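Asker: I need the structure of the sequence given here:
(one chain, ligands or ions: 2)
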Amino acid sequence: MKDFIFLPASTIQASRVRLPGSKSISNRTLLLAALADNVCVLHDVLDSDDTQRMLEALQVLGVAISSPQAGTHQVQGVTGRFPTTEAKLFLGNAGTAFRPLTAALAVMQGHYHLSGVARMHERPIGDLVDALRLAGADISYEQNSGYPPLQIAPWQDNGVRRVQVKGNVSSQFLTALLMALPLTGNAYDIEVVGELISKPYIDITLKLMAQFGVQVAHENHQVFHLPAGVVYHAPATLHVEGDASSASYFLAAGLISGQKITVEGVGKNSIQGDVAFVDALVQCGAQVSYGDNSITVWRDAKQAIQAFDFDANHIPDAAMTLAIVAVASGQPCSIRNIESWRVKETDRLSAMTTELRKLGVLVTEGQDYISIHAQAPLKPNVRIDTYDDHRMAMCFSLIALLDTPIIIIEPECVNKTFPTYFKEFAKLCV
Ligand SMILES: O=C(O)C1=C[C@@H](OP(=O)(O)O)[C@@H](O)[C@H](O)C1
Ligand SMILES: C=C(OP(=O)(O)O)C(=O)O
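Answerer: Numbers count the residues shown, from 1 in each chain. Ligands and ions are numbered 1, 2, ... in the order given. Model prediction:
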C-alpha cells in the first residue's frame, strides 16, 4: 500500500459487507483452545496483525496449530501447561495478546520475556502485574515500572485465594486474570476495586470461558468466583463472529448516506458489546433491522442526523466512529466517559481532536470526553495523520461521504484488525 490513500468525495450505494472475524473473540478462543485438553477447530478467525501475534506466540510456546485455509486453525490443546518453558515473545501492539498471555505465562513454571512495539511499552500493565503478584507471580519490569517489556519467572503459589484488581484503566486486566487463574487448579475470588470500564468485554470473556467448560459466577461484575480443579475443554469446532467494532464504519455509512448497508457476520445474538453502537445510531435517527447473522442500517431521506450526548464507556472502540457521526450531524455533540482512549493505540482523545480541527471542526477535548461541532463546510483534501492507529484511518475514511475529499496517511495501520478495510470501503462507493 502507498504511504497515503486519497479518497475522493463519494456517495455510498446500498450494499452488503462480509465482516472479518472479531479480534476479541479470535484472540480469546485461540488462547483458550491452546490451553484446553483436546483438539478444537476454529473457523472464521480474524487474519490480521493482532491475531498473527497471538498465533506466533502460541506456536513459540509449543502449541501445535495447523491452518488448512485462511481463517481456519486446528489447535491441539496443551492441557493447561505450555511445553516451552523459556521463550521471548514479541506481541506487537495487541492488547488482547499481551495482557492475557502475561497472566497465562505468570502461572506457568517457566521464564518468559514479553515485549511489543514502542507504543505497547507506553500502554499500562501495572494493575494486572500487581494483581498477579498478590497471588504468587514473579514478574519484573525491564524498563519503566508499570509498563512492558516484562520478564516472567516461575509461579510460586502463596496460598492467597482472593485477588484485587483495578478496573478503571483497562478491562483486559480482569479478562486476563479470569482466563489464567483457573490454570492453577485453585479456586479464586477476584474483586474489582473501583470502577470497571469496558464491561461488555468481560461478558465476552465469561461467555467464551463457559464454552470451554469453565463457569464463572459473579456478583454484579464486582466479585468473580473461579472454581477449583477445572480444565479447559474445547468444543470440537467453534465459529468466530464477525467483528462488531469493524462493523461500526459501515453501519455509520448507512446512517450518513441514507443507503441500506448490511453487515454480515454479526446479528441479534452477538456476544460483542459493540453491537450496542447500533443503539447509538438509532438515537441519531437511523433505521435498523436485525437478522440472525446480519444488521442493516439506513436513514429515511426526511430524517436529519440528530445531535447526541452519549456516555460511551461500554463501547470504547466503536465510540470513535461516533465522532464522525457527530461531524455529519452538523450539531453540537459529545462523547463522554472515554478516558481509556488515552492509553490505546495512541492517545485517541488528543489525536481525534487534532485531526478534526484540521478539517475546520470545533472541538473541545476534556480529560475523559470530546465535544464536536462542525459548523462551516469541511476543508477539502486535508492530510489526516493516523498515529499508527487503525481506527483513526477507518473513522476518517467516512469524511469522504460528507462531500469532502480526504487523504489518509499511512493507511496500512488498518492491518492491526482489518487489512482489507479500504478494499471493502471502495466497493461501497460510487
Ligand atoms: O478485551 C478486549 O477484547 C478489548 C477490550 C477493550 O479494551 P479496554 O478494556 O482496555 O477498554 C477494547 O478497547 C479492545 O479493543 C478489546
Ligand atoms: C484498543 C484496541 O486494541 P487492543 O486490543 O490492542 O487494546 C482497539 O482495537 O481499538
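Asker: could you list the low-pLDDT ranges of this protein?
Answerer: 1 (pLDDT under 70).
Asker: count of neighbours near the residue in the chain positioned nearest to ligand 2?
Answerer: Taking Cβ to the nearest ligand atom as the measure, the chain has Gly95 as its residue closest to ligand 2, at 2.7 Å. No exception for glycine: its C-beta is placed from N, CA and C like everyone else's. For Gly95, the tally of surrounding residues (other Cβ atoms under 10 Å) stands at 24.
Asker: swap in Thr237?
Answerer: Thr237, neighbours per other Cβ under 10 Å, totals 12.
Asker: do Val193 as well
Answerer: 13.
Asker: next, the contact list for Pro227, please.
Answerer: Pro182, Ala187, Val214, Gln215, Val216 (Cβ atoms under 8 Å, 6 or more residues apart in numbering).
Asker: should've said Val343
Answerer: Val343 touches Arg123, Pro124, Val169, Ser170, counting by Cβ under 8 Å, 6+ apart.
Asker: go ahead and confirm the third one touches Trp341.
Answerer: Going back to what we said before, that points to Val169. No - look at Val169 against Trp341 with Cβ atoms under 8 Å: they stay out of range, at 11.8 Å.
Asker: residues contacting His113?
Answerer: Counted by Cβ under 8 Å, 6+ apart, His113 has contacts Ala87, Lys88, Leu89, Glu142, Pro149, Leu150, Gln151, Ile152.
Asker: quick one, which of those residues are buried?
Answerer: Among those, those classed as buried by 16 or more other Cβ atoms under 10 Å are Ala87, Leu89, Pro149, Leu150, Ile152.
Asker: now, which of the residues you listed sits nearest ligand 1?
Answerer: Leu150 (17.3 Å).
Asker: check contacts around the closest one.
Answerer: Leu150 makes contact with Thr102, His113, Leu114, Ser115, Ile125, Val129, Ile139, Ser140, Tyr141, Glu142, according to Cβ under 8 Å, 6+ apart.
Asker: ligand 1 contacts on the stretch 201-350 of the chain?
Answerer: Tyr201, Pro316, Asp317, Ser340 (Cβ under 6 Å from any ligand atom).
Asker: helix, strand, or coil at the last one?
Answerer: Assigned state for Ser340: helix (three-state reduction, DSSP: H, G, I helix; E, B strand; the rest coil).
Asker: so how far is Cys333 from it?
Answerer: 19 Å (Cβ to Cβ, to the nearest Å).
Asker: one more: the third one?
Answerer: From Asp317 across to Cys333, the span is 18 Å (Cβ to Cβ).
Asker: let me see the ranges of the helices in the stretch 301-430 of the chain.
Answerer: Taking DSSP state H, counting those that start in this stretch as the criterion, the stretch 301-430 of the chain contains helices spanning 319-329, 348-358, 390-397, 421-428.
Asker: tabulate the CA atom coordinates of the last one in CSV.
Answerer: Extracted in CSV, the C-alpha atoms of helix 421-428 (Å, rounded to 0.1, in the frame of the first residue of the first chain):
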residue,chain,number,x,y,z
TYR,A,421,-10.8,-2.3,5.0
PHE,A,422,-10.0,0.1,2.2
LYS,A,423,-10.9,-2.5,-0.5
GLU,A,424,-14.3,-3.1,1.2
PHE,A,425,-14.9,0.6,1.6
ALA,A,426,-14.1,1.2,-2.1
LYS,A,427,-16.6,-1.4,-3.1
LEU,A,428,-19.4,0.6,-1.5
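Asker: what separates that helix from the chain centre, distance-wise?
Answerer: 21 Å (Cα atoms, centre = their mean, to the nearest Å).
Asker: got it, and the third one?
Answerer: Helix 390-397 has its C-alpha centroid displaced from the chain centroid by 14 Å (Cα atoms, centre = their mean).
Asker: what's the answer for the first one, then?
Answerer: For helix 319-329, the distance from its own C-alpha centre to the chain's C-alpha centre is 19 Å (Cα atoms, centre = their mean).
Asker: next, give phi and psi for the residue of the chain positioned farthest from its centre.
Answerer: Distance from the C-alpha centroid of the chain, by Cα atoms, centre = their mean, peaks at Lys302 (34.9 Å). Main-chain torsions, Lys302, degrees, to the nearest 10: phi -80, psi -10.
Asker: re earlier: and the buried ones among the contacts of Pro227, selectable in ChimeraX?
Answerer: This is how ChimeraX selects the buried members of the contacts of Pro227, with burial counted by 16+ other Cβ under 10 Å:
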select :182,214,216
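Asker: tell me the one of the contacts of Pro227 nearest ligand 1?
Answerer: Out of these, the member with the shortest distance to ligand 1 (by Cβ to the nearest ligand atom) is Val216, at 15.2 Å.
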